[in-house]
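Q: predicted coordinates and the sequence they were generated for:
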Amino acid sequence: MVSTTYSTYEQIGIREDLSDAIYDISPMETPFMSTVRRGAPAKNRFIEWQKDSLASATAINHAYEGEDMVALTATPTVRLRNYCQINAKGIIVSGTANAVSTAGREKELAYQIAKRSKEIKRDIEKQLTGNLASSAGTAATTARRSAGFEAWITTNSVYGGTAGATDGADGGFTAAGTVTAATDGSSSNLVTFTEAKLKSVIALCWTSGGQPTTLMVGSFNKRKVSSFAGITTKFTDFNNSAASSKGLAIVGAADIYLSDFGKLQVVPSRWSRDRTALVIDWEYWSMHYLRPFFVSEIAKAGDAEKRQLLCEWTLCSKNEGASGKHGDLTTS
């Protein structure tokens, strides 16, 4: 370059070249929350329901002619509950920050509200699928908490090792009706997820009366499942209109596992625990809102806008025996 050449390194007044877009690759998939049924609105800080079961089938139920009636002892239903928990995010944006011209969004306050809403949905997804006990809460010191899927499962639970792992407990309507989280097995007892282990959980669910349609796993064990012999090829259901109508033929987006008891959609989850495979019969799960997502305006104090984004919800496990899980799986 000639020494007297005037270049951009000396030039003053170049306009900034800032793209009018914000690129965020944070994952937003919430497969459990997006699939679970929306139940009737909650009307209290907890919801309650009942479950029941029939007596075991017997091959010796026969009576003599003229025999007097033999009365059987009736068993009561089991009354269960889960507590509504509050998820909230507070937002404070200065008046100046909301007034200046910004790239990628029109108003900073609106952008922050939308961002926090996505964060809460991810929190809820993690809580819905998790091994989390419920809590009745207290007036000032303890927050209420909804029990997650893993904590509910007790009938069809399989664990990897022989030490440490125990089921949670649904309380059977104790005074507080709380659900206890399961106890994980020790890290030395983790086992590799195999097709035989998956089949054992599905069979347990079917024997109990369930018909699961979804297998939800984390990233590591999704790769394990992809090698199972029961995974269908992308051509198996391509022209099956009945399967397509149920969303089962989208093999490019989610594999289909063909078990002895029906098809299961294999769904990878970023938020469920990778050490646990969830086998789900959606018929017996629902999510209930006491207060759906809303934004409240907080009293102004100084030169700032204050908002609180909030929702209050709980998970209903109508009968956990229709679903199952395999815990204590290796994750690397």
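A: Here it is on my side, so go on. Residues are numbered from 1 along each chain as shown.

Q: excluding chain neighbours, what is closest to residue 144?
A: residue 137 (3.5 Å; CB to CB, 6 or more residues apart in numbering). Where C-beta positions appear, they are placed from N, C-alpha and C, glycine not excepted.

Q: just checking, what packs against the helix or strand hosting residue 305?
A: Assigned by DSSP states H and E, residue 305 belongs to strand 304-317. With contacts taken as 3 or more CB pairs under 8 Å, 6 or more residues apart in numbering; DSSP states H and E, strand 304-317 sits against strand 46-51, strand 78-83, strand 85-94, helix 95-99, helix 108-129, helix 149-152, strand 285-297.

Q: right, and the ones you listed - which one's nearest residue 217?
A: Closest approach to residue 217 among those (CB to CB): helix 108-129, 10.7 Å.

Q: now do stretch 146-165: distance from first to last residue.
A: Start-to-end span of stretch 146-165 (CA to CA, to the nearest Å) is 22 Å.

Q: picking up where we left off before, gap between the strand holding residue 305 and the chain center?
A: Centre-to-centre, strand 304-317 and its host chain are 17 Å apart (CA atoms, centre = their mean, to the nearest Å).

Q: mind checking pLDDT for residue 78?
A: pLDDT recorded at residue 78 is 89.

Q: please begin residue numbering at 46 from this point
A: New numbering, starting at 46: the last item is residue 123.

Q: what about it, distance to residue 199?
A: Counting by CB to CB, to the nearest Å, the gap from residue 123 to residue 199 is 12 Å.

Q: what's the burial count for residue 238?
A: If you count neighbours by other CB atoms under 10 Å, residue 238 ends up with 26.

Q: identify the residues contacting it.
A: 262, 266, 269-270, 322, 371, 374-375 (CB atoms under 8 Å, 6 or more residues apart in numbering).

Q: taking these together, which two end up most distant?
A: 270 and 375 (13.3 Å).

Q: skip ahead from the helix or strand bottoming out on mean pLDDT in the chain and say which helix or strand is next.
A: Using mean pLDDT, DSSP states H and E, helix 286-290 stands out as the lowest-scoring helix or strand of the chain, at a mean of 45. Note on helix 286-290: by DSSP H and E, the next helix or strand toward the C-terminus is strand 301-304.

Q: paired strands for the helix or strand following that next one, with orientation please.
A: Downstream of strand 301-304, the next assigned helix or strand under DSSP H and E is strand 307-313. Using DSSP bridges, strand 307-313 pairs in its sheet with strand 259-262 (parallel), strand 301-304 (antiparallel).

Q: got the contact list for the first one?
A: Contact partners of strand 259-262, identified using CB under 8 Å, 6+ apart, comprise 76-77, 80, 174, 238, 243, 269-270, 302, 309-314, 317, 319, 322-325, 327.

Q: what bridges to residue 190?
A: Where residue 190 sits in a bridge, its partners, by DSSP bridges, are residue 180.

Q: that one contacts residue 183, correct?
A: No: using CB atoms under 8 Å, residue 190 is not in contact with residue 183; the gap is 11.8 Å.

Q: more crowded one of those two?
A: Neighbours per residue, other CB under 10 Å: of residue 190 and residue 183, the larger number sits with residue 190, 21 against 9.

Q: give me the distance between the more buried one and residue 356.
A: 14 Å.

Q: same check on residue 214?
A: 27 Å.

Q: list the strands paired with the strand holding residue 350, with their directions.
A: Here, using DSSP bridges, strand 349-362 pairs with strand 130-139 (antiparallel), strand 330-342 (antiparallel).
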